[in-house]
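Student: got a predicted model here, sequence first, then my questions.
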Amino acid sequence: MNAIEQIRQRARKKIKSIVLPEYNDPRVIEAARIIQGEGLAKVTLFTKEMVDNQERERYIQEYYETYKAKDIDISQVRKLFEADTLYYTAMMTTEGKFDGLVAGAAHTTPDMVRASMRCIGIDERITIISSCFIMDVPNCPYGESGTFVFADCGVIPDPNSRQLSRIALSAAELAGKVLEITPRIAFLSYSTKGSARAKSAEKIAEALSMLKELAPGMLADGEMQVDAAIVPDVAKIKYPDSPLGGKANVLIFPNLEAGNIGYKLTQRLSGARALGPLLLGLNKPASDLSRGCLVEDVVDCVAVTAIRAQ
């Protein structure tokens with residue numbers, strides 16, 4: 001059974017309610033039919049006709065009161081809530097009317113991140129919002145039998161040490177919850193423990209130290225090149241003292257350029273499935289979608305979001 005099949009099986013164990021605000025996208029409509037048929041979650045295609053005008057007005061006022069200091073006026077807030085159902089359903093999710101939110105087929109990542117961050121809110125323990133992909137690479141002996149978590153590939157352009165440590169923590173926690181694996185975290189670079197003068201080396205060393213303070217038992221190391229992180233034979237040569245032993249399954253990229261290039265390169269060259277972006281650091285689980293997503297991507301992102309809500 002591959003990772004995707006296992007994810008769908010875990011989602012069925014405890015059915016959660018997931019809202020899909022992009023009700024008029026054909027891919028989302030078809031995905032909802034499959035999800036219901038396979039019993040992966042209780043999904044709601046939330047249309048404009050389902051909006052309660054009185055409740056929407058309450059949400060508008062709450063949003064405005066929270067963010068009016070950021071130079072947003074009530075007319076701008078009203079436009080956000082009347083444009084479509086994204087902001088409305090995000091507010092419903094934070095109130096517990098749904099267990100999770102999946103969108104992005106018809107919205108940009110900045111739109112989805114902003115709505116999730118401001119309506120669902122950021123987990124005070126994590127303090128930042130970031131993202132990851134679950135990568136399922138066929139016929140691959142590395143990682144967790146070809147399964148990896150890549151982060152951050154969609155949100156923070158140039159994370160500092162503190163942000164890197166939180167990205168690593170939240171990505172590792174997702175790996176444990178969704179994939180039921182023991183996370184082995186590698187902070188990636190073009191240098192392996194000083195083999196080149198990497199600007200990121202000091203930043204990564206500090207991030208690693210911060211991560212160990214946040215989660216003392218977490219298995220993590222860096223900075224390291226990707227081959228030293230995931231190939232045991234290379235690790236023996238380049239970094240024999242690493243506790244990872246070339247078996248990392250959670251890969252933390254030094255910046256957004258590297259992360260985005262890395263996941264797309266892996267996806268296209270190996271035929272890997274890339275589930276995400278899965279948003280990290282929120283009070284309730286939410287998943288972004290690529291605007292080029294397939295029906296099966298929507299289905300599996302809903303399944304992941306359901307597991308996170310269990």
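Tutor: Thanks, I have it. From a predicted model like this one, the values you see are computed outputs, not experimental measurements. Residues are numbered from 1 along each chain as shown.

Student: domain parsing for the protein?
Tutor: 3-121+283-309, 130-270 (automatic domain parsing).

Student: just put the ones you listed in JSON lines and tack on mean pLDDT.
Tutor: Formatted as JSON lines, the domains of the chain follow (pLDDT from 0 to 100):
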{"stretch": "domain 3-121+283-309", "mean pLDDT": "96"}
{"stretch": "domain 130-270", "mean pLDDT": "95"}
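
Student: strands along the stretch 201-310 of the chain, start to end?
Tutor: For the stretch 201-310 of the chain, the strands defined by DSSP state E, counting those that start in this stretch cover 219-224, 250-252, 273-280, 286-287.

Student: just say which of those strands is most tucked in.
Tutor: strand 250-252 (a mean of 31; mean count of other C-beta atoms under 10 Å). For glycine as for every other residue, the C-beta is placed from the backbone atoms N, C-alpha and C.

Student: what sits up against that one?
Tutor: 148-152, 164, 167-168, 171-172, 175, 183-188, 222, 226, 229-230, 262 (C-beta atoms under 8 Å, 6 or more residues apart in numbering).

Student: repeat that for 7 Å
Tutor: 148-151, 164, 167-168, 171-172, 175, 183-188, 229 (C-beta atoms under 7 Å, 6 or more residues apart in numbering).

Student: in its sheet, what does it sit against?
Tutor: Here strand 250-252 has these sheet partners by DSSP bridges: strand 147-151 (parallel), strand 184-188 (parallel).

Student: possible to save those strands as CSV with distance to Leu275?
Tutor: Converted to CSV, the strands paired with strand 250-252 look like this (distance: least, C-beta to C-beta, whole Å):
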stretch, distance to Leu275
strand 147-151, 10
strand 184-188, 19
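
Student: nearest to Asn24, out of the ones you listed?
Tutor: strand 147-151 (30.8 Å; C-beta to C-beta).

Student: who touches that closest one?
Tutor: Counting by C-beta under 7 Å, 6+ apart, 3, 130-136, 167, 171, 174-175, 179, 249-253, 259, 262-263 sit against strand 147-151.

Student: which among these end up buried?
Tutor: 3, 130-136, 167, 171, 174-175, 179, 249-253, 259, 262-263 (16 or more other C-beta atoms under 10 Å).

Student: how about Ile72: what's its closest non-neighbour residue?
Tutor: Counting by C-beta to C-beta, 6 or more residues apart in numbering, the nearest residue to Ile72 once its immediate chain neighbours are dropped is Tyr64, at 7.2 Å.
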